[in-house]
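In: Pasting a predicted model and its sequence here:
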Amino acid sequence: MKHIVEISKQALTQMLLNGFEAFVIKHGDKKRSGIEFHASLYGDIKILEKGRKYRHQIEFISVDTSAEMDSGEVAFTLEAADLKEDIAEQMGFYQLGKMHLHPYLTHEMSIDEVRKCGFDFSAGDLKSFSDAIDRYEEGVGYHLEVLLTITEMKQKNTSLDGRKAPNLFEFSVGNCKCFLHAQVFSKLEDKLQRDGTELLCSFLEQNGHLDANFGLIKAKKGRKRILEYKPSN
């Protein structure tokens, strides 16, 4: 199957707002900054060729507040997913898939390593997608996942910003690098496979990066696992 995934400016904004809060702000009794968050994707789906080509239009996201969020994993409840899906349908929106965050502190993975593999899905991610497809109603047969990866750098560098693959963008927000990766999965003979996926986002296609007067995100003095944000003057 072929899938076109289109992310609106509103949905991208929500991804970044929630992503950077999860990345920078220390949550509760967590010992570090940078935790994964989990969200549901909502909007509309158009069948371009039945059984062959689909267009997923993501209008907004809803962060799963009941999810158990940690630095290396996030777990959400099926009850919450079902509840929100039913409410969204009453408002005229479909739950299109899921998304989560991969946060990397500087000492955990270099930007070169992030570009090689950090933006991609982990083995645990793939197992959860396979399980999700098994739970779907007969005839659906696929799972859409969007992954936002954030890592901080010493200084802003937008030289490599732009489209990296049909389903992957690299872009800067201040001195942080972000990677937005969309992928639709299906199963063939009980094996998970990646379907052809094209990611469209007019804001990223037109702007490349956020060039506003943004502050600095860095580790607190003597605390490499705790980040802070200092707005620009």
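Out: Alright, I've got the coordinates. Numbers count the residues shown, from 1 in each chain.

In: Can you show me the strands along this structure?
Out: In chain order, the chain shows strands spanning 2-7, 38-49, 53-63, 68-69, 74-75, 94-104, 142-152, 162-165, 168-173, 176-188, 191-194, 196-200, 216-220, 223-230, with DSSP state E as the criterion.

In: Tell me what angle the last one forms with strand 94-104.
Out: Computed with axes from the mean of the first three to the mean of the last three C-alpha atoms, to 10 degrees, the direction of strand 223-230 lies at 120 degrees from that of strand 94-104.

In: Strand 223-230 - what's its average pLDDT?
Out: For strand 223-230, mean pLDDT is 87.

In: in the chain, which helix or strand is least confident?
Out: Counting by mean pLDDT, DSSP states H and E, the chain has its least confident helix or strand at strand 74-75, which shows a mean of 66.

In: before we move on, the earlier item: and the strands of the chain: which comes nearest Asn18?
Out: When these are ranked by proximity to Asn18, the top entry is strand 53-63, at 5.2 Å, counting by C-beta to C-beta. Using the backbone N, CA and C atoms, a C-beta is placed for each residue, glycine as well.

In: List of residues touching that closest one?
Out: Contacting residues not belonging to strand 53-63 are listed as 1-8, 10-11, 14-15, 18, 37-48, 84, 88, 93, 96-97, 99, 144, 146, 184 [C-beta atoms under 8 Å, 6 or more residues apart in numbering].

In: again, only this time at 6 Å
Out: Contacts of strand 53-63 with the rest of the structure, by C-beta atoms under 6 Å, 6 or more residues apart in numbering, involve 2-8, 10-11, 14, 18, 37, 39-48, 84, 96, 144.

In: Buried subset of these as a ChimeraX selection?
Out: With 16 or more other C-beta atoms under 10 Å as the criterion, this ChimeraX line picks the buried residues out of the contacts of strand 53-63:
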select :3,4,5,6,7,8,11,14,18,37,39,40,41,42,43,84,96,144
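
In: ok, how many other residues are close to Lys116?
Out: Look at Lys116: counted by other C-beta atoms under 10 Å, it has 11 neighbours.

In: Give me the average confidence score over stretch 34-53.
Out: This predicted structure assigns stretch 34-53 an average pLDDT of 90.

In: can you give me the end-to-end distance of that stretch?
Out: Between the opening and closing residues of stretch 34-53 we find a distance of 36 Å, counting by C-alpha to C-alpha, to the nearest Å.

In: same question, stretch 29-44
Out: Distance between the two ends of stretch 29-44: 38 Å, counting by C-alpha to C-alpha.

In: tell me the contacts of Ser8?
Out: Under the criterion of C-beta under 6 Å, 6+ apart, the neighbours of Ser8 are Glu59.

In: From Leu105, how far off is it?
Out: Relative to Leu105, Ser8 is positioned 30 Å away (criterion: C-beta to C-beta, to the nearest Å).

In: which residues are contacting stretch 108-126?
Out: By C-beta under 6 Å, 6+ apart, stretch 108-126 touches 104, 149, 151, 179, 181, 192.

In: Go again with 7 Å.
Out: The list of residues contacting stretch 108-126 from outside it, by C-beta atoms under 7 Å, 6 or more residues apart in numbering, reads 73, 102, 104, 147, 149, 151, 153, 168, 177, 179, 181, 192.

In: which two from those end up farthest apart in space?
Out: In the contacts of stretch 108-126, the most distant members under the criterion C-beta to C-beta are Met153 and Leu192, with 32.8 Å between them.
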